[in-house]
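S.K.: Curious how this folds, go ahead:
(3 chains)
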Amino acid sequence: MEKWSAATIREFRRTLLAWYDQEGRNLPWRRDHEPYHVWVSEIMLQQTQVNTVIPYYENFMATFPTVTALANAEQADLLKAWQGLGYYSRARNLQRAAQQLVTDYHGEWPRTAAGLADLVGIGPYTAGAIASIAFGEAVPAVDGNAFRVFSRLLLIDDDIAKPQTRKIFEQVIQPIVDPERPGAFNQAIMDLGSSYMTAKNSDPAHSPVREFDASYREDRVDEFPVKTKAPRPKLMPYYGLIVHSPAGYLMVQRDANQMLTGYWTFPLVIQAGLREAVPVDTPTLETDIAALEQQFSTDYQLPISLTTVSGQPVSHTYTHQRWQVKLLVAELATTPALTFYPGKWVPAAEIRALPLPKVQEKIMTRYQNQGHPQAFPKN
DNA sequence: AATGCGTGGTC
DNA sequence: TGACCAAGCAT
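M.R.: Just a heads-up that it's a prediction; the model follows:
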């Protein structure tokens, strides 16, 4: 691992910030240093690229312009504003933290990273980012960019997938952060990490800090950062039930024990769970359909007759799961009461007003493309 | 410490 | 198409 002298650190800061002042990106959340603006942008940017975030950020600020507005927002409006951005607990935690700020903090922001980290959804990285950018505290903001940039500059070969590695980087970066301009310093590292020092197709030869880049000097850029790879997503076969009556489509809101909490989908049944509830010797599509029909009839007092939708299952891959959703349809002549079923009938024209996850949109698109082109009008 | 949690872009 | 990556956090 490289070790920089005090003089090298001073020269690195000067070089980095001169480049940032000239070439730093003009981003919507950089128009001022309002803590609310910095906070919302940093939460949206977690594991999400800048170009994806920009339109969401603009819409979010127009819809929820202040901490108070966010604290008082309807959750459905919040989830709709976050729809498509992913990692939806971020949105729910954002509102919880806004409510914390209003009620427990009387609207006064903690002005240090340590204090900010007490708010739900704000971890070590985001605390450092807000503290440095909004309040000028000289602390590092160690995200994926910082891992990548400093592992290359200093030949740090610790595995960044391991939690304990964060501490090493924080200790290494802390003395390098410019105490005069910590926010600009941290943002400059991020801009560097998304331009000359990217994960793939990096261009270290033209980097403004190439003279400080030990990995470039040794032609070992591709060796850094060291990161063990994640396991494969687990295959999860589902049935997706498109149940239609004169009142509309049967929809369910996902509860707090499931992923996609608060978002709406058609009923989704895990195939393995279905066979657990109604065991048969050799499960087939036919036995599964019979089991589903029986379950709806007896458990929910919802008699349905299911038929298959032609085509391959709808496939949707998450970080840790790969869903394959086989679509089944039931057309009802009358509308049964949903006394024992935790869902609701939603008129076709109102479905798109609900917060929907991507997999639900894929299912709707598939169904429309299989002979029901006007099933879900966009208004 | 290890795992769960979304989506879109890129090669 | 699959694999990998992108401004992480909670539990």
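S.K.: does A:Ala330 belong to a helix or a strand, and which?
M.R.: In this structure, A:Ala330 sits in strand A:321-331 according to DSSP states H and E.
S.K.: what sits up against stretch A:113-123?
M.R.: Outside stretch A:113-123, the residues that touch it by Cβ atoms under 8 Å, 6 or more residues apart in numbering are A:39, A:43, A:89-90, A:93-94, A:96-97, A:100-101, A:109-110, A:124, A:126-128, A:130-132, A:137, A:139. For every residue, glycine as well, the C-beta is placed using N, CA and C.
S.K.: who's in contact with A:Gln95?
M.R.: Counting by Cβ under 8 Å, 6+ apart, A:Gln95 has contacts A:70-71, A:73, A:75, A:78.
S.K.: Narrow those residues to those that are buried.
M.R.: A:70-71, A:73, A:78 (16 or more other Cβ atoms under 10 Å).
S.K.: Same list (those) but as TSV, adding secondary structure and distance to A:Gln360.
M.R.: Formatted as TSV, those follow (DSSP: H, G, I helix; E, B strand; the rest coil; distance: Cβ to Cβ, whole Å):
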residue	secondary structure	distance to A:Gln360
A:Leu70	helix	25
A:Ala71	helix	28
A:Ala73	coil	22
A:Leu78	helix	18
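S.K.: Closest one to DNA strand B out of those, please.
M.R.: Nearest to DNA strand B among those is A:Leu78, at 13.3 Å by Cβ to the nearest atom of the strand.
S.K.: Distance check, the closest one against A:Tyr263.
M.R.: 11 Å (Cβ to Cβ, to the nearest Å).
S.K.: what do these two both touch?
M.R.: Joint contacts of A:Leu78 and A:Tyr263 (Cβ under 8 Å, 6+ apart) do not exist.
S.K.: quick one: which helix or strand includes the residue most central in space within chain A?
M.R.: Centroid-nearest residue in chain A, with Cα atoms, centre = their mean: A:Tyr87, separated by 3.0 Å. Assigned by DSSP H and E, A:Tyr87 belongs to no helix or strand.
S.K.: which residues touch it?
M.R.: A:Tyr87 makes contact with A:46-48 under the criterion Cβ under 8 Å, 6+ apart.
S.K.: Local confidence estimate at it?
M.R.: A:Tyr87 carries a pLDDT value of 97.
S.K.: Same check on the one 10 residues further on?
M.R.: pLDDT for A:Ala97: 98.
S.K.: can you check A:Pro347 too?
M.R.: pLDDT, read off for A:Pro347, is 98.
S.K.: Give me the neighbour count for the spatially closest residue to A:Glu350 that is not a sequence neighbour.
M.R.: In this structure, A:Glu350 finds its nearest non-sequential neighbour in A:Gly248, 7.3 Å apart by Cβ to Cβ, 6 or more residues apart in numbering. Close neighbours of A:Gly248, defined as other Cβ atoms under 10 Å, add up to 17.
S.K.: what sits opposite A:Gly248 in the beta ladder?
M.R.: Beta bridges link A:Gly248 to A:Ser245, judged by DSSP bridges.
S.K.: what residues does the stretch 251-379 of chain A put near DNA strand C?
M.R.: Proximity of the stretch 251-379 of chain A to DNA strand C, by Cβ under 7 Å from any atom of the strand, involves residues A:Thr319.
S.K.: Run a quick neighbour tally on the single nearest residue of chain A relative to DNA strand B.
M.R.: Closest approach between chain A and DNA strand B, counting by Cβ to the nearest atom of the strand: A:Gly86, at 2.4 Å. Using other Cβ under 10 Å, A:Gly86 has 17 other residues around it.
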